[in-house]
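Peer 1: Build the 3D model from these lines:
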Amino acid sequence: MAGQIPQRFIDDLLARTDVVDIVGERVKLKKAGRNHSGLCPFHQEKSPSFTVSADKQFYHCFGCGAHGNALRFLMEYDRLRFPEAVEQLAARLGLDVPREGDDDPRQQARERKRKEGVNLLELAASFFRERLKMPEGDAARAYLDKRGLSPEVVRDFGIGFAPAEWEAMRHHLGERGISEAVQIEYGLLVHREDSGRTYDRFRDRVMFPIRDIRGRTVAFGGRVLGDAKPKYLNSPETPVFHKGRELYGLYEARQANARLERLVIVEGYMDVVALAQFGIRNAVATLGTATTEDHLSRLFRVVDEVVFCFDGDRAGRQAADRALRTALPMMIDGRQARFLFLPEGEDPDTLVRREGAEAFEDRVTCASPLSEFLFELAAQGRDLARIEERERYASQVLEAIGLLPEGMLKSLLLTELSRRTGVDQSSFESLMMRHAGSEPGGRPPVEEAVTPPMAEAAASDEAPTTDGALGLMARALQLLVHEPGLVERLPESDDWCAHEDGDARLCREVVRLLKAGRYRSAQVLLAHFHGTPEGERLAALARREPLVPKRLRGVELDNWVAYFQRHRRKRSPQEEYDALLARSRTGERLSQEERQRLNELLMELKG
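Peer 2: Model (predicted):
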């Protein structure tokens with residue numbers, strides 16, 4: 001698949017990297033014979049049980065069992081995805097990371113375009129920083145001084161100034177050979193269709209570069225100095241910037257503290273920067289949009305606790321309700337979400353200046369846990385002394401609990417709902433089970449149905465369906481994404497997923513990777529497909545918790561395989577022949593059994 005990092009490059013990279021150096025930069029190590037030892041960074045301990053071997057290029061903790069090579073350590077310690085860890089190691093050696101398919105002209109063109117865009121935006125960021133230092137930046141510097149920002153914070157966040165001229169950026173980049181078309185594509189220029197005029201998008205604004213997780217400038221936000229509208233202006237969506245994914249300040253937070261434990265989501269750039277000025281370097285901001293699943297996925301790869309910070313007014317409560325619904329499906333065991341509501345009329349910027357950093361951090365520490373906010377939200381405006389109101393209250397909480405993945409939090413919330421309502425917990429569990437089974441694509445427990453119910457068997461194998469339910473093949477693929485070790489239960493042949501829809505093709509690819517023994521971690525499996533449509537599909541499946549409990553997922557996969565095998569046997573010879581032939585023509589390598597079956601079908605159809 002184009003875009004994958006060649007295994008030979010990864011092997012060479014590890015051969016040229018010393019794991020002792022990588023770990024030693026983050027953990028205090030002492031020489032202990034042929035090895036090095038220290039306190040494990042992955043669990044609390046008082047005496048060293050963490051060992052790094054220069055001979056084996058391997059680390060291992062005898063306390064918690066953490067182990068792996070240099071790449072694994074970067075992924076676990078720095079909370080990096082697999083491609084990011086590879087690129088970080090490669091950067092240390094001054095190497096560019098190759099991708100399979102780099103000899104494909106279309107792939108090369110896409111990569112050139114991406115690099116061209118990133119370089120262009122870095123040039124723009126440098127231009128804005130330089131203009132802030134010039135006489136024309138006097139008003140911008142005065143504004144930053146008035147907001148109490150030190151030169152160090154201005155430097156750390158790369159803050160600059162866009163002059164009031166209509167074509168300053170256009171001329172600056174044009175002199176460096178960058179066409180107007182490219183400047184327009186990456187959001188630096190605006191082209192008016194009615195007049196044909198082209199001019200700078202950002203003018204007379206304090207400029208905040210928006211950086212990705214690696215520190216590359218991918219967009220800008222500008223705060224106006226005068227009375228122009230809007231007060232804040234962001235870059236539009238571009239080939240390298242998607243506001244539903246990026247978070248302002250995340251790169252800077254990680255630079256300030258490599259071992260972050262908590263991140264606070266605030267509303268705007270100045271909130272992030274003002275908190276940083278007071279030493280609170282763990283705030284990030286969404287970019288003019290509500291918090292998305294992509295935002296939270298990115299944050300939970302870095303920390304285990306996220307605090308949503310909202311205004312205390314009605315709009316803030318509504319935004320918190322949306323954030324809660326986005327967060328619930330992602331709350332696997334070990335993760336935490338809290339909700340902080342500020343006094344009316346205050347924002348983080350004004351509040352930290354009035355109360356100070358310690359008081360603000362106390363508010364963050366005392367923010368409502370997700371569980372308390374969930375119950376509080378459901379009770380709002382209801383008289384719980386009335387049975388009908390208690391029923392609506394319980395139904396709303398139960399609906400929210402249904403969004404949670406299976407785990408301890410879900411069980412504890414059901415117990416708490418039972419305590420608060422006086423209804424037996426088993427009744428709620430029964431209601432949830434019936435509700436899940438009655439939804440489109442819902443299923444009874446695996447013990448009750450060895451084969452998929454007729455409603456599902458009649459559904460398309462394509463996924464997802466229009467109502468959000470997963471198709472049949474997607475359910476099997478979802479189990480493998482969540483539990484890669486289940487591949488050991490699969491039959492030798494992959495003919496059970498021989499269909500030609502997208503999920504079946506992807507399932508075959510995933511099965512082959514898992515059987516090859518390369519991946520036994522969902523995280524590394526997703527990293528293999530990173531940056532591709534298939535990767536987005538797998539990530540979407542990973543975000544959705546399977547409907548069956550963890551202990552029954554192996555049996556569930558067995559049932560799906562048996563179902564698909566029976567379904568395959570019911571296909572006509574022509575359908576089976578067409579499916580195998582289509583796979584062969586797309587360049588997919590058929591197994592010996594499949595090639596033999598193809599020949600048998602050909603003879604049968606000719607006869």
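Peer 1: CA atoms for contacts and neighbours, from now on please.
Peer 2: OK.
Peer 1: Output the below-cut-off pLDDT ranges for the stretch 301-450 of the chain.
Peer 2: The model of the stretch 301-450 of the chain has pLDDT under 70 over residues 434-450.
Peer 1: How are the helices of it distributed by residue range?
Peer 2: Using DSSP state H, counting those that start in this stretch, the helices found in the stretch 301-450 of the chain span residues 314-327, 348-355, 357-365, 370-379, 387-402, 408-421, 425-438.
Peer 1: for the longest one, which positions count as buried?
Peer 2: Read that as helix 387-402. Neighbour counts over helix 387-402 (16 or more other Cα atoms under 10 Å) mark R390, Y393, A394, Q396, V397, L398, A400, I401, G402 as buried.
Peer 1: Show me the strands in the stretch 151-300 of the chain, by range?
Peer 2: Along the stretch 151-300 of the chain, the segments classed as strands by DSSP state E, counting those that start in this stretch run 160-162, 189-191, 198-200, 205-211, 217-224, 232-234, 262-266, 283-285.
Peer 1: Enumerate every residue touching L299.
Peer 2: Residues counted as contacts of L299 (Cα atoms under 8 Å, 6 or more residues apart in numbering) are L263, V306.
Peer 1: okay, it: pLDDT?
Peer 2: At L299, the model reports a pLDDT of 89.
Peer 1: Just put the strands of the stretch 151-300 of the chain in TSV and tack on mean neighbour count.
Peer 2: Formatted as TSV, the strands of the stretch 151-300 of the chain follow (neighbours: other Cα atoms under 10 Å):
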stretch	mean neighbour count
strand 160-162	29
strand 189-191	18
strand 198-200	20
strand 205-211	26
strand 217-224	24
strand 232-234	19
strand 262-266	22
strand 283-285	25
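Peer 1: Among those, single out whichever gets nearest to R81.
Peer 2: For the strands of the stretch 151-300 of the chain, proximity to R81 was assessed by Cα to Cα; strand 205-211 is nearest, at 17.0 Å.
Peer 1: Let me know the angle separating that closest one from strand 217-224.
Peer 2: 160 degrees (axes from the mean of the first three to the mean of the last three Cα atoms, to 10 degrees).
Peer 1: Convert strand 205-211 to PDB, retaining C-alpha atoms only.
Peer 2: The C-alpha trace of strand 205-211 is given here as PDB (Å, rounded to 0.1, in the frame of the first residue of the first chain):
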ATOM      1  CA  ARG A 205      -3.500  41.500  13.100                       C
ATOM      2  CA  VAL A 206      -1.400  39.800  15.800                       C
ATOM      3  CA  MET A 207      -0.500  36.500  14.300                       C
ATOM      4  CA  PHE A 208      -0.500  33.100  16.100                       C
ATOM      5  CA  PRO A 209       1.000  30.300  14.100                       C
ATOM      6  CA  ILE A 210      -0.900  27.000  14.500                       C
ATOM      7  CA  ARG A 211       1.600  24.100  14.700                       C
END
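Peer 1: What are the neighbouring residues in contact with the residue nearest to A378 when sequence neighbours are not counted?
Peer 2: What sits nearest to A378 in space, not counting adjacent residues and going by Cα to Cα, 6 or more residues apart in numbering, is Y393, at 5.4 Å. Counting by Cα under 8 Å, 6+ apart, Y393 makes contact with A378, A379, R382, L384.
Peer 1: try 10 Å this time
Peer 2: Contacts for Y393 (Cα atoms under 10 Å, 6 or more residues apart in numbering) come out as F375, E376, L377, A378, A379, Q380, R382, D383, L384, I387, L417, T421.
Peer 1: Also F208?
Peer 2: By Cα under 10 Å, 6+ apart, F208 lies in contact with 125, 128-129, 154, 157-161, 217, 219-223, 234, 248-249, 269-270, 273.
Peer 1: quick revisit: so which of the contacts of Y393 is surrounded by the most neighbours?
Peer 2: L417 (21 neighbours; other Cα atoms under 10 Å).
Peer 1: Let me know whether that one touches E391 as I believe.
Peer 2: No. Using Cα atoms under 10 Å, L417 is not in contact with E391, being 11.5 Å away.
Peer 1: shared neighbours of these two, anything?
Peer 2: In contact with both L417 and E391: V397, using Cα under 10 Å, 6+ apart.
Peer 1: Helix or strand with the lowest mean pLDDT in this structure?
Peer 2: helix 454-457 (a mean of 32; mean pLDDT, DSSP states H and E).
Peer 1: where in the protein is pLDDT low?
Peer 2: In the chain, residues with pLDDT under 70: 1-3, 101-115, 434-470, 498-501, 517-521, 523, 531, 567-576, 582-594, 607.
Peer 1: repeat that for 50
Peer 2: 1-2, 437-468 (pLDDT under 50).
Peer 1: how about the buried residues of helix 387-402 in a markdown table, adding distance to R363?
Peer 2: Putting the buried residues of helix 387-402 into a markdown table (distance: Cα to Cα, whole Å) gives the following:
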| residue | distance to R363 |
| --- | --- |
| R390 | 31 |
| Y393 | 28 |
| A394 | 29 |
| Q396 | 28 |
| V397 | 26 |
| L398 | 29 |
| A400 | 26 |
| I401 | 26 |
| G402 | 30 |
